[in-house]
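In: got a predicted structure here, sequence first:
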Amino acid sequence: MAWRIFYNAYFDRLWRYLLVVSGGREDSAREALQSALVRVARHIKIFPDEHVFWSWLTVLARTAFADESKKQRRYLSFLDRFTSHSEIQIDGAANFQANDQLKNLLEHNVALLPPDERIIVEQKYFAHRPVRQIAEELQMTEKAVESKLSRIRKKLRDAMLAELNESKD
């Protein structure tokens, strides 16, 4: 009952606040809002007045947005590092063909993964689900899911690089 009252009173207000903070990027605002609501549930306490409570909520929301932004930058950085290691020289019209080749290679190698690994990769990178949700669904810790993702990414990278090197020869 208390959560419903909180949700009805603050959800829209926090959503609008995060839309402004994110520069209108709804997907980023949505992820940050979800993370902020989890933080509220974990760390809620009694505040002297509504103004102090709202200030606390905005701090939670801003830090949730910052954390989500860092996570997104790490993911993009991973993609940059992954493609730079492939040693493919791309210029002009070859760019589209090379992207298609990498996409097809990735799809092929993901399809070859064991079902438990494929599910984790698909949930994280194709369905864009947070690690926390994946961990809960698979009854694993977040750390275990992150470790498994790290091993799977290395496995995929090595397999793809091997195939790319074979196609060069």
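Out: Perfect, I can see it now. Numbers count the residues shown, from 1 in each chain.
In: dump the residue contacts of Glu137.
Out: Shown in contact with Glu137 (C-beta atoms under 8 Å, 6 or more residues apart in numbering): Gln123. All C-beta atoms are positioned from the backbone trio N, CA, C, and that covers glycine.
In: other SSEs contacting the least confident helix or strand in the chain by mean pLDDT?
Out: Least confident helix or strand, the chain: helix 94-112 with a mean of 76, by mean pLDDT, DSSP states H and E. The elements that helix 94-112 packs onto, with contact taken as 3 or more C-beta pairs under 8 Å, 6 or more residues apart in numbering; DSSP states H and E, are helix 115-121, helix 142-168.
In: how far is the helix or strand encompassing Arg81 from where the chain is centred?
Out: Arg81 belongs to helix 50-85 when assigned by DSSP states H and E. Taking C-alpha atoms, centre = their mean, to the nearest Å, one finds the center of helix 50-85 at 10 Å from the center of the full chain.
In: OK, contacts around the closest residue to Arg118 other than its chain neighbours?
Out: Nearest in space to Arg118, with sequence neighbours left out and distances taken as C-beta to C-beta, 6 or more residues apart in numbering, is Val110 at 6.0 Å. Counting by C-beta under 8 Å, 6+ apart, Val110 makes contact with Arg118, Val121, Glu122, Leu156.
In: got JSON lines for the helices and strands packed on helix 94-112, with mean neighbour count too?
Out: Listed next are the helices and strands packed on helix 94-112 as JSON lines, based on neighbours: other C-beta atoms under 10 Å:
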{"stretch": "helix 115-121", "mean neighbour count": "15"}
{"stretch": "helix 142-168", "mean neighbour count": "14"}
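In: confidence score at Lys70?
Out: Model confidence at Lys70, given as pLDDT, is 83.
In: from Ala41, how far out is it?
Out: For Lys70, the distance to Ala41 (C-beta to C-beta, to the nearest Å) stands at 22 Å.
In: please apply the same query to Leu76.
Out: Computed as C-beta to C-beta, the Leu76 to Ala41 distance reads 29 Å.
In: output the contacting helices and strands for the helix holding Arg81.
Out: Where contact means 3+ C-beta pairs under 8 Å, 6+ apart, helix 50-85 is packed against helix 2-21, helix 26-43, helix 142-168.
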